[in-house]
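A.B. asks: A structural model of the following input is requested.
(one chain, ligands or ions: 2)
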Amino acid sequence: MDLRIAIIGHGAIAVHVRGKLAGLHVTEIAQIVRPGKESGEDAPPRISDLNDLPLHPDLVIDCGGHQALAQHGPVALALGIDVMTVSLGALADRQVEQSLKDAATKGGARLHLVSGAIGGLDALRGASTGAIIEVSYIGRKPPGGWHGSPAEAVLDLDALTEAATHFSGTAREAALAYPKNANVAAAVALAGIGLDQTQVQLIADPTVTENLHEVTAKGDFGTFTFTIAGNGLPQNPRSSSLAAMSIVAALAERQKQIGF
Ligand SMILES: NC(=O)C1=CN([C@@H]2O[C@H](COP(=O)(O)OP(=O)(O)OC[C@H]3O[C@@H](n4cnc5c(N)ncnc54)[C@H](O)[C@@H]3O)[C@@H](O)[C@H]2O)C=CC1
Ligand SMILES: O=C([O-])CC(=O)C(=O)O
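C.D. replies: Ligands and ions are numbered 1, 2, ... in the order given. Below you'll find the model as predicted:
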């Protein structure tokens with residue numbers, strides 16, 4: 001039997017994931033949209049309240065962002081439905097983290113954090129079982145990728161001629177201030193030494209066309225630097241294609257575990 005899922009959102013990441021479902025033995029039973037965007041005509045139906053789900057899905061996939069995860073994640077988990085999310089930075093908000101944990105305990109369900117636009121997290125997890133001296137993350141995107149973020153308050157993004165750092169601080173601070181741009185910072189922090197110990201720098205750079213992510217770790221294990229230059233999704237270039245692809249890979253992995 002196909003895996004039954006409901007997807008939150010219909011932006012760049014959701015569109016990519018939907019396009020891959022047919023090959024994965026996965027059926028979308030509902031799209032979860034903002035209130036006022038529901039319609040009875042579509043298949044699968046659009047709903048804004050998880051209590052209106054037509055069937056019990058095996059999984060809710062959050063492609064909607066921090067607010068969407070905070071709103072729908074606890075409801076799904078408390079109903080006993082696993083949730084997969086790419087919005088890892090939402091966990092930087094302690095209230096959101098607690099409500100997800102409480103709901104998961106109540107419903108006996110799990111929150112699955114996908115790796116998103118970054119890789120190398122397995123190495124970081126291993127490294128973090130020994131003493132770690134430092135984990136740092138540098139996120140570098142073309143200036144357009146920072147529109148709608150706090151970068152706008154400190155930089156004239158459209159007039160930049162050279163790379164400019166607009167944020168230095170912890171992963172928790174980055175994730176809270178940049179909900180659409182610092183989920184990788186949170187992924188690195190959660191795989192490594194935590195949101196308050198991981199150092200983050202965010203850079204607008206007119207000389208690059210990709211979204212560049214650089215992770216450096218130093219500790220008992222040795223040192224490692226991992227860099228990835230991710231192509232943006234056509235519909236939203238600030239989001240790397242790999243973020244959407246990591247959801248597809250996680251779905252394929254889940255299918256393998258249940259025997260497809
Ligand atoms: N872990 C990672 O590497 C990455 C994570 N992300 C996360 O993924 C999110 C989505 O990215 P994109 O698809 O590029 O964004 P997008 O802006 O193209 O799409 C977001 C969609 O979510 C919907 N939405 C927002 N709030 C909602 C709610 N409360 N209920 C239902 N739908 C809601 C919007 O209407 C829109 O359809 C980002 O906001 C970010 O949190 C994005 C890029 C990388
Ligand atoms: O997609 C990317 O390149 C990274 C991103 O937006 C995030 O970390 O939230």
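
A.B. asks: Where does pLDDT dip in the stretch 151-260 of the chain?
C.D. replies: Low-confidence segments of the stretch 151-260 of the chain (pLDDT under 70): 259-260.

A.B. asks: Need phi/psi at the closest residue to ligand 1 within the stretch 51-200 of the chain.
C.D. replies: With CB to the nearest ligand atom as the measure, Gly116 is the residue of the stretch 51-200 of the chain nearest to ligand 1, at 2.4 Å. To be clear about C-beta, it is placed using only N, CA and C from the backbone, and glycine gets the same treatment. With angles defined as degrees, to the nearest 10, Gly116 sits at phi 70, psi -140.

A.B. asks: likewise Ile7?
C.D. replies: phi -110, psi 130.

A.B. asks: Now do the same for the residue nearest the centre of the chain: its pLDDT.
C.D. replies: By CA atoms, centre = their mean, the mean C-alpha position of the chain lies nearest to Val86, the distance being 2.3 Å. pLDDT for Val86: 98.

A.B. asks: so it makes contact with Val114?
C.D. replies: Yes. With contacts counted by CB atoms under 8 Å, Val86 reaches Val114, the gap being 5.4 Å.

A.B. asks: what's the spacing between the residue of the stretch 51-200 of the chain closest to ligand 1 and Val135?
C.D. replies: With the distance defined as CB to CB, to the nearest Å, Gly116 ends up 16 Å from Val135.

A.B. asks: neighbour-wise, which of these two wins?
C.D. replies: Gly116 (28 against 25; other CB atoms under 10 Å).

A.B. asks: what's the spacing between that one and Ile5?
C.D. replies: 18 Å.

A.B. asks: One more: Ala175?
C.D. replies: Distance from Ala175 to Ile5, by CB to CB: 26 Å.

A.B. asks: out of these two, which sits in the busier spot?
C.D. replies: Ala175 (29 against 24).

A.B. asks: Surely that one is in contact with Ser87?
C.D. replies: No. Because the distance of 9.5 Å does not satisfy CB under 8 Å, Ala175 is recorded as not touching Ser87.

A.B. asks: Overlap of the contact sets of the two?
C.D. replies: Applying CB atoms under 8 Å, 6 or more residues apart in numbering, one finds that Ala175 and Ser87 are jointly contacted by Asn183.

A.B. asks: need the contact list for the residue nearest to the centre of the chain.
C.D. replies: Residues in contact with Val86 (CB under 8 Å, 6+ apart) are 13, 62-63, 114, 116, 183, 243-244, 246-247.

A.B. asks: Could you do Asn51 as well?
C.D. replies: Neighbour list for Asn51: Val75 [criterion: CB under 8 Å, 6+ apart].

A.B. asks: If anything else comes up later, I'll come back, but that's it for now.
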